[in-house]
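**Q** with the input below, show me the fold.
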Amino acid sequence: MKTKLTLSIDRDILQRTKEQGINISAYVESMLRYASQANHPGSNPGIRIRRRNDSRAIKESEILEYVSFREISGISKQWIKEQEGYIRNFLKSIDYKVNKESTIKYLLYLKENYNINSVHKMVLQIKKFLLFLKIDWANELHAPKEVYDTPKLVTKEDIERSLLYFEGNLQAKAIIHLGVTTGLRASELYALTKEQVLNSLVDRTLIIRSAKSKRLRTVFYTPRTREILQEYIEKNTKKCLFSQNLTGKLFRHAPIQVRDLRRYFSRTWDLNNGNWSIKERILGHSLQSVDMKHYSFIQNSELKIIYDRIFE
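**A** Model prediction:
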């Protein structure tokens, strides 16, 4: 079996061969013969021969540098944390020494033990990290295509069953009502502060920064949700209203999850014949229509009137 080699020649060697009129191809061929005969690929200081499957040791500083670059790109802290987890699990499994053979073996392990959509995410992030390290064979890695299942249906009965499940728990009651009436993402609900909600109580209007686009957007909630929030805030002494870790544990065995609340908002809007473009704006989708972005701009006061008609 033939072994593929990666050849690296110092720039000064290239310059000297050019000045002296030496044929670079002939030079490389002679050096390869020399390395083969001497059985010592690195014997010449100007030429370095590396086998394709040679391992490269990964430093902690390289991981931290990559994570820093991801942070600069503006993605959410939670997603950055997940990406770092994928990379560290990969590196730990191969003892922080990367080569093509061990990488493929690890990716096959993922394919056998995780669902296809999870594998898609993990392979993409591992590939991005390897490309960041300028590992040439990383371009040969391809993530499996995602499988799009039928979206989960969240009905009014599901919400009622969940409220019954959490009977007596004011925190769960507050996040459920707030989620189904604002359409906020789970990460946006977790990020809400007591001050934000207190300032919104007068006009039932929250101004939040989108978890994905980082743009400010306005959302609304119902008078009933305001009553529940007021009661919860009066009894809650912490600055953070909905801790992600505690809320996650709270909903672990619940009929629905926090991320499902946004689905219910979207479904309720549609069933009440709400305008699709306006729903996209309230939900904070980045792919809004050109008309909505540049021509048919609707003020927040007008949005609130439309919202109240849908959720009256």
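
**Q** got the buried residues for stretch 61-77?
**A** Under the neighbour-count criterion of 16 or more other Cβ atoms under 10 Å, stretch 61-77 has 62, 63, 66, 67, 70, 76 buried. C-beta here means a position set from N, CA and C on the backbone, and glycine is covered the same way.

**Q** how about stretch 267-276?
**A** Buried residues in stretch 267-276 (16+ other Cβ under 10 Å): 267, 268, 269, 274.

**Q** equivalent analysis for stretch 164-177, please.
**A** 166, 170, 171, 172, 173, 174, 175, 176, 177.

**Q** where does residue 219 land in three-state SS?
**A** Reduced to three states with DSSP: H, G, I helix; E, B strand; the rest coil, the structure at residue 219 is strand.

**Q** can you count the residues close to the closest residue to it other than its chain neighbours?
**A** Excluding its sequence neighbours, the residue lying closest to residue 219 (Cβ to Cβ, 6 or more residues apart in numbering) is residue 182, at 4.4 Å. Residue 182 is flanked by 26 other residues according to other Cβ atoms under 10 Å.

**Q** which pLDDT does the model give residue 182?
**A** pLDDT recorded at residue 182 is 96.

**Q** where does it fall, phi/psi-wise?
**A** phi -110, psi -30 (degrees, to the nearest 10).

**Q** can you pull the contacts of it?
**A** Going by Cβ atoms under 8 Å, 6 or more residues apart in numbering, residue 182 touches 206, 219, 220, 221, 265.

**Q** was I right to think the fourth one contacts residue 204?
**A** Yes. Under the criterion of Cβ atoms under 8 Å, residue 221 makes contact with residue 204 at 5.3 Å.

**Q** between the buried residues of stretch 164-177, which is nearest residue 311?
**A** Of all the buried residues of stretch 164-177, residue 177 has the smallest distance to residue 311: 11.2 Å, by Cβ to Cβ.
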